[in-house]
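*Asks:* this one's sequence-less:
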């Protein structure tokens with residue numbers, strides 16, 4: 001009697017918000033990077049195939065160490081990514097969201113992409129252990145989050 005396959009658990013902090021093939025690719029990248037300190041070409045090709053035009057710019061952001069994990073004492077976490085334009089974007093890997101215009105347009109409105117380069121950079125930084133860490137107070141994290149809302153409105 002065949003058993004029904006179980007969906008894979010979330011990897012790399014994506015919270016299961018990505019398709020299984022993307023989750024698996026990030027998991028393989030994490031494993032390869034842990035073992036060899038680099039990502040093999042076949043996984044880089046897979047990254048380009050799955051994430052399209054976001055892949056190379058996201059890898060550039062990781063190489064530039066542009067991803068910072070911002071954590072408060074209560075454990076609330078957000079990520080800030082210094083974009084190639086010099087603007088700082090806030091990303092939430094738990095709900096797969098970024099404050100950049102590209103996310104709003106190509107991901108949410110047009111559904112042309114799974115994610116923007118900033119969120120992909122967050123996931124890749126997690127997989128490669130390349131996130132910078134910043135501990136802030138609850139008030140500072142709230143200010144970061146509210147500042148983004150004020151920019152939007």
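*Replies:* Received, thanks. Quick caveat, the model's predicted, so the values are computed rather than measured. Numbers count the residues shown, from 1 in each chain.

*Asks:* Break down the protein into its helices, ranges please.
*Replies:* Taking DSSP state H as the test, the helices found in the chain are 20-36, 41-51, 55-63, 101-102, 117-128, 138-152.

*Asks:* any idea of the mean pLDDT in the third one?
*Replies:* Along helix 55-63, the predicted local confidence has a mean pLDDT of 95.

*Asks:* Pretty sure residue 76 sits against residue 139.
*Replies:* No - at 11.7 Å, residue 76 and residue 139 do not qualify as touching, with contact defined as Cβ atoms under 8 Å. Every residue, glycine included, has its C-beta placed from N, CA and C.

*Asks:* Looking at those two, which one has more neighbours?
*Replies:* Between residue 76 and residue 139, residue 76 has the larger neighbour count (other Cβ atoms under 10 Å), namely 14 against 9.

*Asks:* tell me the contacts of the residue lying closest to the more buried one once chain neighbours are set aside?
*Replies:* Nearest-residue entry for residue 76: residue 141, 5.9 Å, with adjacent residues in sequence omitted and distances by Cβ to Cβ, 6 or more residues apart in numbering. With contacts defined as Cβ atoms under 8 Å, 6 or more residues apart in numbering, residue 141 is in contact with 70, 72, 76, 78.

*Asks:* picking that back up, of all the helices of the chain, which one is nearest residue 95?
*Replies:* Closest approach to residue 95 among the helices of the chain is made by helix 117-128 (10.4 Å; Cβ to Cβ).
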